[in-house]
Structure formats: C-alpha cells, structure tokens
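K.L.:
Just to be clear, the model below is a prediction. Sequence and coordinates:
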Amino acid sequence: MEAYALTDIGQIRSMNQDYIYSSPEMVGSLPNLFLVADGMGGHKAGDYASRFAVENLVIYINRAGKGSPVMQLKMGIEEVNERLYEESLKREELKGMGCTLVAGVVEDGTLYVANVGDSRLYLIQAGAIRQVTRDHSYVEEMVAMGQMRRGSVDYNSRKNIITRAMGIGRSVEPDFFEVDLEEGDYILLCSDGLSNMVDDDTICSIVTGPGSLKEKASRLIREANRQGGIDNIAVVLVNPLGREAGTC
C-alpha cells in the first residue's frame, strides 16, 4: 500500500481550515487509516474543529483495541463529535464551530468508508471514477427529492450549505459504505476545495496519469488553484493494492 496526503490554503482564504491524516501502517488494531476534515466556523474555530476531530479520532482508534473498522469508526466519530460539541460550549470564540469528516480503512481487500458532511471519497477503478460517499448538503437533498437539477445555477450557488457536520450537536449520524477493491484501484479522499473546482473526469485523468502519488496529488492541488482556488484544498491519495491503473 502507498499513500500521499497534501493540503493547500488555496488562492483566496487567509487560513487553512482543512486537516488531513494518512497512515498506510497500523493505527491501533486497524491496518491503516485515512482522514480528511474541512472546518467551518468563525476566526480559527473551523481550524480548531477540523484539527480536534482528526487528532482525537486517531487517539480513539489507537486506544480502542479490537473491533471491526465500521464499529471503531462509528464509536469513535460519535465520541469525538460529543467532545467537540462540548468544546464549542466552553468558549465564545468556538461557538457554532464544526467540520466535515471522511474516513477510509482498507482491510482484506475491502474499503470501509465513513462520512459526515460534504468532503468526499472517490474510487478510481478500471479507468472510471465513482463517488462512494453521499454529500450531506442542501443541494443534494433537493436533487434527491427532484426539486433541483445537479449543476444548475441554483445548485452551484448553494452547494456550500451542508446539512450534517461534526460538532454542531451532541449527536451525529455518519454514513457508512463498503467497497470491494481490485488491483489497480486508487482511493481519493478530498475536501470540497478540490471537488468544487475540478470536475470528476479531470480528477480521474490526473490520478490515472503518469507519476508518483506525490506528483499526482500535487497536480490535483495545482489544478484546483488554477481553476480559482476559492477554498482550502485537501487531498489524500491511496494506491491500496500497489499496481497502476489504466487511464480514463
């Protein structure tokens, strides 16, 4: 397994509120762990929230002992969410803070995924890209109800409104997904600073193109900045089974 993680402030923001974690080695009893969080809130609150969520989930997993990836992620996310919410009640400058979270673990050829919010996990498999996670966002809920068209002007103007986040309430409900992996697959975790700026086909072409994971992650960041870089950008790129995939 190979992995590379990179985050960038972008072209507009004064602070980077994205936070990443990438370990292709064991974390507690899990064989690996990959995380992306995108903070929300006032001055430094979003930065605090994303860092708190990622660092404390890693601490939880390291102390959890045995258990399935889904169970460890579920219990860890619930505990960290409650602690993050309690932190927001203690200090005025942290009031209303929160963050997205997307997590991935690979075990015995299966990818286990958890997400809260609109940070995404993509699978690039057999030359095609697929979003595994479902965005917890106002626009995607409207699309699901048939009341909005994906890609419309209204959609694009409201797609930053999320309907689920870590730390904004005492409880949170993450979604979970399982995917069977094949040789040549890539896994991409990212914040919306990438997915809102770079279309899926371009992401797929970069990931399946030439170069190391570091070079590909850097190209993704550069492309998001070239398209405007209006938000912080986070990328965690994983080659779980080691063989290069074909091009898109």
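P.N.:
Yes, it's here.

K.L.:
how many other residues sit next to residue 8?
P.N.:
Residue 8: 22 surrounding residues under other CB atoms under 10 Å. In short, each C-beta sits where N, CA and C put it, glycine included.

K.L.:
For it, give the beta-bridge partners.
P.N.:
Per DSSP bridges, the residues bridged to residue 8 are residue 233.

K.L.:
got the contact list for it?
P.N.:
Listed by CB atoms under 8 Å, 6 or more residues apart in numbering, the contact partners of residue 8 are 16, 193, 221, 224, 225, 229, 232, 233.

K.L.:
which non-adjacent residue is nearest the fifth one?
P.N.:
Meaning residue 225. Setting aside the residues directly before and after it, residue 225 is nearest to residue 11 in space (CB to CB, 6 or more residues apart in numbering), at 5.6 Å.

K.L.:
Residue ranges in this protein under the pLDDT threshold?
P.N.:
Low-confidence segments of the chain, defined by pLDDT under 70: 42-43, 150, 156, 159, 243-248.

K.L.:
Just the strands from this structure, written as ranges.
P.N.:
Counting by DSSP state E, the segments of the chain that form strands are 2-8, 18-23, 33-40, 98-99, 101-107, 110-116, 120-125, 128-131, 175-180, 186-190, 233-239.

K.L.:
Which one of the contacts of residue 8 is nearest to residue 128?
P.N.:
Set against residue 128, the nearest of those by CB to CB is residue 224 (21.0 Å).

K.L.:
and the gap between the closest residue to that closest one other than its chain neighbours and residue 229?
P.N.:
With sequence-adjacent residues excluded and distances taken as CB to CB, 6+ apart, residue 224 is closest to residue 197, at 4.2 Å. Going from residue 197 to residue 229 by CB to CB, to the nearest Å gives 7 Å.

K.L.:
so who does residue 4 touch?
P.N.:
Contacts for residue 4 (CB under 8 Å, 6+ apart) come out as 22, 212, 213, 214, 216, 217, 236, 237.

K.L.:
How about residue 88?
P.N.:
Residues counted as contacts of residue 88 (CB under 8 Å, 6+ apart) are 45, 49, 94, 95, 96, 97, 98, 167, 168.

K.L.:
Just those: which are in helices?
P.N.:
Counted as lying in helices by DSSP state H, out of the contacts of residue 88, are 45, 49.
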